[in-house]
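> Could you work out the structure for the sequence below:
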Amino acid sequence: MIGLLQRVKRASVTIDNNLYSQIDKGILVLFGVVKGDDRTKADKIADKISKLRIFEDEDGKMNKSVVDVSGEILVVSQFTLAGNCSKGTRPSFDSAEQPDKANEMYEYFIQQLKNKGLTVKTGVFAAMMDVELINDGPVTFILDV
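Predicted coordinates for the structure are as follows:
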């Protein structure tokens with residue numbers, strides 16, 4: 001399970017030229033599911049995201065979590081995170097989970113974040129989306145569990 005986290009000032013998802021969802025200060029999570037991923041991994045990554053201290057405190061140090069700053073989370077499914085570019089010039093997606101199982105994990109992950117009291121917005125699984133963001137920093141992390 002892979003989460004690419006970007007600390008944002010704001011982020012949004014547009015589908016077919018219509019704004020679908022948006023957040024202000026918080027975290028944009030691009031979320032990919034690899035074959036064999038299970039709910040235990042989703043629990044772990046959701047817990048890590050809720051507690052990760054990537055927001056600045058009064059002294060400018062990354063010492064606050066998304067909860068501490070009353071931030072929001074935007075989760076966007078991103079199967080290409082499971083892509084392998086090590087051979088040739090065309091990515092291989094052999095390690096990406098099948099869509100039905102990946103969607104199940106995506107929905108479960110979102111629910112786990114909500115269960116932690118977080119405000120969570122989403123994209124649409126498997127849709128073509130335009131994702132816009134203002135990266136705050138820039139601050140970007142990869143969680144691979």
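
> Can you report how many residues lie near the spatially closest residue to residue 119 that is not a sequence neighbour?
The shortest distance from residue 119 to any non-neighbouring residue, by C-beta to C-beta, 6 or more residues apart in numbering, is to residue 72 (4.5 Å). (Glycine included, C-beta is placed from N, CA and C.) Neighbour count for residue 72, taken as other C-beta atoms under 10 Å: 21.

> Dig out what residue 72 forms beta bridges with.
residue 26, residue 119 (DSSP bridges).

> In the protein, mark out all the strands, start to finish.
Secondary structure of the chain (DSSP state E): strands at 2-15, 18-23, 26-32, 55-56, 62-64, 72-77, 119-122, 130-144.

> Adding distance to residue 110 and mean pLDDT, write those out as a markdown table.
A markdown table is the format used below for the strands of the chain (distance: least, C-beta to C-beta, whole Å; pLDDT from 0 to 100):
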| stretch | distance to residue 110 | mean pLDDT |
| --- | --- | --- |
| strand 2-15 | 12 | 98 |
| strand 18-23 | 12 | 98 |
| strand 26-32 | 9 | 98 |
| strand 55-56 | 21 | 98 |
| strand 62-64 | 23 | 98 |
| strand 72-77 | 6 | 98 |
| strand 119-122 | 6 | 98 |
| strand 130-144 | 15 | 97 |
